[in-house]
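**Q** Could you work out the structure for the sequence below:
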Amino acid sequence: MCNTIAEMIVLNNIGKQFSSKDRKYIGRYFLRNVLNDFIGMLSGNRNDKRLKVLRDISFTVNKGEHVGLVGRNKAGKSTLLQLISGISAPDSGTMRVEGNIIPVFGQGSVSTPEMTGREYIHFYALALGYSKKVIAELEQKIIDFSEITQIDTPVKFYSTGTRTRLSLATTLLLPADIYILDEVFYGSDVFFKDKISTRIQEIQSNPSVTTIMVSHHEDILRKFCNRLLLIDEGTIAKDGRVNDVLEAYYNKYHVSSEANA
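**A** Below is the predicted model of the structure:
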């Protein structure tokens with residue numbers, strides 16, 4: 001009798017591009033493409049340049065794996081998470097995701113400022129497809145985890161840190177097959193970071209749950225990941241054990257591990 005490994009995420013030759021006119025890319029990529037457009041206009045050959053953010057991305061994540069993405073800023077890590085989460089769609093290649101996904105972002109973006117915190121919990125969970133019964137069962141646990149005493153106050157009156165706690169509590173307490181964790185410790189105080197850490201450990205103790213994490217901190221990657229992907233200029237430069245990938249990362253950019261701790 002052979003044991004089959006359950007594949008949760010399968011990507012084959014995934015590519016993603018953005019227009020040079022996409023104002024989300026206002027950093028060095030955007031500036032470079034604006035200059036290219038200007039030069040093209042002067043030469044009479046003005047085209048809408050396309051920035052390739054991801055190129056020929058292929059990998060598989062199995063059930064119960066905890067994969068970290070490491071790389072420099074603008075390497076394509078967050079774009080890759082958006083594709084896996086279903087927030088964005090690839091321009092080329094094929095992708096298959098099994099099970100329900102929850103994207104968890106460290107700097108909580110609560111886009112419903114007129115709602116109260118309690119209303120946000122219900123709104124967000126319903127939007128992700130959870131039943132009213134499940135939400136009612138989890139509501140108080142989410143509130144307790146968030147430590148927000150003014151939960152029935154409109155979110156627009158919350159501080160940035162309180163909005164972050166509301167967002168993280170809601171997403172981390174909802175049950176899922178795959179958790180997408182993007183800098184989840186960013187913007188939280190040390191005490192709430194401890195709660196986040198404990199909750200992630202609880203999530204990962206379930207052998208049927210898969211996590212994919214982005215972090216710039218070596219200690220976090222070592223604690224929560226059993227595999228790393230090094231993303232470099234939109235491609236996978238290395239895929240393997242945590243120690244091996246971190247070593248390749250530091251060697252590639254000639255930095256020490258202490259600089260990323």
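**Q** mind listing what the residue nearest the centre of the chain touches?
**A** What sits nearest the mean C-alpha location of the chain, by CA atoms, centre = their mean, is Asp182, with 3.4 Å. Contacts for Asp182 (CB atoms under 8 Å, 6 or more residues apart in numbering) come out as 78, 81, 103-106, 213-214. All C-beta spots, glycine's among them, are computed from the backbone N, C-alpha and C.
**Q** Report the beta-bridge partner residues of it.
**A** Phe105, Val214 (DSSP bridges).
**Q** Tell me the pLDDT of it.
**A** For Asp182, the pLDDT comes out at 92.
**Q** who's in contact with Asp189?
**A** Gly161.
**Q** Thr153 now?
**A** Counted by CB under 8 Å, 6+ apart, Thr153 has contacts 116-117.
**Q** Past the helix-or-strand element of the chain with minimal mean pLDDT, which element shows up next along the chain?
**A** Least confident helix or strand, the chain: helix 28-42 with a mean of 43, by mean pLDDT, DSSP states H and E. Later in the chain than helix 28-42, the nearest helix or strand by DSSP states H and E is strand 50-62.
**Q** Distance check, Asn100 against Leu174.
**A** Computed as CB to CB, to the nearest Å, the Asn100 to Leu174 distance reads 9 Å.
**Q** Which one's more surrounded, these two?
**A** Neighbours were counted for Asn100 and for Leu174 using other CB atoms under 10 Å; Leu174 has more, 20 against 13.
**Q** quick one, strands of this protein?
**A** Using DSSP state E, the strands found in the chain span residues 7-19, 50-62, 66-70, 92-97, 101-105, 178-182, 210-214, 227-232, 235-240.
**Q** Reformat those as JSON lines; add distance to Phe192.
**A** Output for the strands of the chain, formatted as JSON lines (distance: least, CB to CB, whole Å):
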{"stretch": "strand 7-19", "distance to Phe192": "28"}
{"stretch": "strand 50-62", "distance to Phe192": "28"}
{"stretch": "strand 66-70", "distance to Phe192": "21"}
{"stretch": "strand 92-97", "distance to Phe192": "29"}
{"stretch": "strand 101-105", "distance to Phe192": "14"}
{"stretch": "strand 178-182", "distance to Phe192": "15"}
{"stretch": "strand 210-214", "distance to Phe192": "17"}
{"stretch": "strand 227-232", "distance to Phe192": "26"}
{"stretch": "strand 235-240", "distance to Phe192": "32"}
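**Q** how about the ones you listed, which one is nearest Ile121?
**A** Proximity to Ile121 (CB to CB) singles out strand 101-105 among these, at 13.4 Å.
**Q** In JSON lines: the contacts of Asp182, plus distance to Ile196 and neighbour count.
**A** Output for the contacts of Asp182, formatted as JSON lines (distance: CB to CB, whole Å; neighbours: other CB atoms under 10 Å):
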{"residue": "Ser78", "distance to Ile196": "19", "neighbour count": "18"}
{"residue": "Leu81", "distance to Ile196": "17", "neighbour count": "20"}
{"residue": "Pro103", "distance to Ile196": "15", "neighbour count": "19"}
{"residue": "Val104", "distance to Ile196": "9", "neighbour count": "25"}
{"residue": "Phe105", "distance to Ile196": "12", "neighbour count": "21"}
{"residue": "Gly106", "distance to Ile196": "9", "neighbour count": "19"}
{"residue": "Met213", "distance to Ile196": "12", "neighbour count": "23"}
{"residue": "Val214", "distance to Ile196": "14", "neighbour count": "22"}
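**Q** Most widely separated two among those residues?
**A** Put simply, by CB to CB the two of the contacts of Asp182 set farthest apart are Ser78 and Val104, 12.9 Å from each other.
**Q** Point out where this structure drops to low pLDDT.
**A** 1-5, 19-50, 107-111, 254-261 (pLDDT under 70).
**Q** switch to 50 and redo it
**A** 1-3, 23-41, 46, 259, 261 (pLDDT under 50).
**Q** related to what we said a few turns ago, of the contacts of Asp182, closest to Phe18?
**A** Ser78 (12.3 Å).
**Q** Can you tell me the closest non-neighbouring residue to Leu173?
**A** Spatial nearest neighbour of Leu173, chain neighbours left out: Ile142 (4.7 Å); criterion: CB to CB, 6 or more residues apart in numbering.
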